[in-house]
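Participant: got a predicted structure plus its sequence, pasted below:
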Amino acid sequence: MPATLKTVTLGCKVNQYETEYVREGLVGIGYRDASQDETADLCIVNTCTVTSEGDSKSRQIIRRLARDNPGARIVVMGCYATRAPDEVAALPGVAEVVTDKRELPDLLGRFGVVDIPTGISRFGNRHRAYVKVQDGCLLRCSYCIIPKVRPSLYSRPSEHILDEVRRLLDNGYREIVLTGVHLGHYGVDWNAGKPKSQWYRLADLVRQVVRIDDGFRVRLSSIEATEVTRELVGVMAEFPDNICPHLHICLQSGSDRILRRMKRRWGVKRFLDRCRLVVETLDKPALTTDVIVGFPGETDADFEATCSTVREAGFSKIHTFPFSPRRGTPAAEMSDMVPKRIKAERSQQLAAIGKELREQYFQSLLGRRLTVLVEGASERGENWMTGTSCRYAPVEFPGDSALESSLVEVDAEQVTIDRIVGVISSNDVVDDAAVNVG
């Protein structure tokens, strides 16, 4: 009888990709996914350490797996495992701690995988597939622990990435999300010492990926403002039907004073210049962002500067995070912490601005034809489907389940609360057939 497997992932898209890489390798030698109520022989836990809460959740999950799967071998990897391996190893049921993601092929080898995969071919039951192209971060933002647990830059060979995308397309995925710990640094490790004319960067990779085939689209994961280059935006403009006109550009604060305390690499003017470049080059692009509220020393004036900046940028979505001290980072040692009550008030105020900007952006899309990845039935009622548009807006429209996992063209007709309502255009489905994945 095949051995059973459970996987649990906390944290970012990169973690989700790496879990799938390990899972697929194990399934290839005979493991099968345990059902919800079935005990597992092997548990893989991919942890997160961005916040103290991530550490706590990781410990809770490991303890629960040990309790619910007596005798199971628990393997723990991820950023928390890297940061505190002894702490993780002491938890019940933990048989192995993987402290470096570069060891994952070796981990599979220890389980008996002979043909070590260079990538994945499926992404579970998800409608879009994440493709990790890069690892490591060299920045030293004062609030972030990640450069300490993923310090080494590594860019995957483009041929491995292209082969992986081809496999995913063959298995029915119609949206590929390129992701990395510091996506915009793809190729930096290769280019050291080479003349600029020989550099190979993210823009070059994206151009190669979109040329693989028609009938699918590429979306870029979170990126830093300094890596939103003219070359990258130019490629996005060159392939408007194949690359989603959406960028998630991390702001964190709209105050130059706070950005300096955060040790970010640019000021507000440069950030807004990059946003303006995107808006002026692409057709009605979606800009989304992250903002930390209540960073140590943030005054009312600093917060007002942030509110002004997000309005000027015109973001379609703002992920707001009240500052949480991360042990081991310089920001955690700063003395002028903002009271919890003020952080909560500012978070609510920024959320209200974000909602207003989101509705304005959605209203600006009315009358447009949006390419939508169909993700399932809508709660609106029978014969209604829902999905995500190329511009990262949720869309509902009349349709049936045969469309799930396909790309369809939807004419945007109405904005309701937090989504767009439309109808399938006369062009109907983008790709030749609706292909279910999972």
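Facilitator: All right, it came through fine.

Participant: residue ranges of the strands in the stretch 201-350 of the chain, please?
Facilitator: 217-220, 246-248, 286-293, 317-322 (DSSP state E, counting those that start in this stretch).

Participant: could I get those as CSV with mean pLDDT?
Facilitator: Output for those, formatted as CSV (pLDDT from 0 to 100):
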stretch, mean pLDDT
strand 217-220, 98
strand 246-248, 98
strand 286-293, 98
strand 317-322, 97
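
Participant: and those strands as a markdown table, adding mean neighbour count?
Facilitator: Quick note: C-beta positions are derived from backbone N, CA and C, even for glycine. A markdown table is the format used below for these (neighbours: other C-beta atoms under 10 Å):
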| stretch | mean neighbour count |
| --- | --- |
| strand 217-220 | 21 |
| strand 246-248 | 22 |
| strand 286-293 | 23 |
| strand 317-322 | 18 |
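
Participant: for residue 85, which of these is the nearest?
Facilitator: When the strands of the stretch 201-350 of the chain are compared by C-beta to C-beta, strand 317-322 sits nearest residue 85, at 26.9 Å.

Participant: centre of the chain to the closest one, how far?
Facilitator: Distance of strand 317-322 from the chain centroid (C-alpha atoms, centre = their mean, to the nearest Å) equals 15 Å.

Participant: what pairs with it, parallel or antiparallel?
Facilitator: strand 286-293 (parallel) (DSSP bridges).

Participant: can you show me the CA trace of the strand it pairs with as PDB?
Facilitator: Once non-C-alpha atoms are left out, strand 286-293 reads as follows in PDB (Å, rounded to 0.1, in the frame of the first residue of the first chain):
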ATOM      1  CA  ALA A 286      -3.500  47.800 -12.200                       C
ATOM      2  CA  LEU A 287      -1.000  48.900  -9.500                       C
ATOM      3  CA  THR A 288      -1.100  47.200  -6.100                       C
ATOM      4  CA  THR A 289       1.100  47.600  -3.100                       C
ATOM      5  CA  ASP A 290       2.100  46.800   0.500                       C
ATOM      6  CA  VAL A 291       2.100  49.500   3.200                       C
ATOM      7  CA  ILE A 292       3.400  49.200   6.800                       C
ATOM      8  CA  VAL A 293       1.400  51.400   9.200                       C
END
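
Participant: for the remainder of this discussion, apply numbering that starts at 3.
Facilitator: Taking 3 as the first residue, the last one we looked at is strand 288-295.

Participant: return the distance of that strand from the chain's centre.
Facilitator: The answer for strand 288-295 is 13 Å, by C-alpha atoms, centre = their mean.

Participant: quick one on the thing from earlier: okay if I get the strands of the stretch 203-352 of the chain as TSV plus distance to residue 211?
Facilitator: Converted to TSV, the strands of the stretch 203-352 of the chain look like this (distance: least, C-beta to C-beta, whole Å):
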stretch	distance to residue 211
strand 219-222	6
strand 248-250	16
strand 288-295	20
strand 319-324	24
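
Participant: so which of the ones you listed gets nearest residue 110?
Facilitator: strand 219-222 (27.7 Å).

Participant: counting by contacts, list what that closest one packs against.
Facilitator: Applying 3 or more C-beta pairs under 8 Å, 6 or more residues apart in numbering; DSSP states H and E, one finds that strand 219-222 makes contact with strand 177-182, helix 204-212, strand 248-250.

Participant: pull that strand out as PDB, backbone CA atoms only.
Facilitator: Taking Å, rounded to 0.1, in the frame of the first residue of the first chain, the C-alpha atoms of strand 219-222 are listed here in PDB:
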ATOM      1  CA  ARG A 219      -0.800  34.700 -19.700                       C
ATOM      2  CA  VAL A 220       2.000  35.600 -17.500                       C
ATOM      3  CA  ARG A 221       1.700  37.600 -14.300                       C
ATOM      4  CA  LEU A 222       4.600  39.000 -12.300                       C
END
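
Participant: quick one: contacts of that strand?
Facilitator: With C-beta atoms under 8 Å, 6 or more residues apart in numbering as the test, strand 219-222 has contacts from 130, 176-180, 185, 208, 211-212, 243-246, 248-250, 373, 375, 392, 409.

Participant: buried members of those into ChimeraX, please.
Facilitator: Here is the ChimeraX command that selects the buried residues among the contacts of strand 219-222 (16 or more other C-beta atoms under 10 Å):
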select :130,176,177,178,179,180,185,208,211,212,244,245,246,248,249,250,373,375,392,409
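
Participant: quick one, helices of the stretch 3-152 of the chain?
Facilitator: Taking DSSP state H, counting those that start in this stretch to define them, one finds helices in the stretch 3-152 of the chain at 15-29, 54-70, 81-85, 87-91, 106-112, 148-151.

Participant: stretch 87-103 - what's its average pLDDT?
Facilitator: Stretch 87-103 carries an average pLDDT of 94.

Participant: poorly predicted segments of the protein, please.
Facilitator: Applying pLDDT under 70 to the chain flags residues 429-440.

Participant: would you map out the domains in it?
Facilitator: Domain segmentation of the chain under automatic domain parsing yields 6-112, 127-246, 247-366, 371-431.

Participant: show me the contacts for residue 226.
Facilitator: So residue 226 contacts 141, 184, 186, 251-252, 267 (C-beta under 8 Å, 6+ apart).

Participant: kindly report the same for residue 157.
Facilitator: Residues near residue 157 by C-beta under 8 Å, 6+ apart: 135-136, 187-192.
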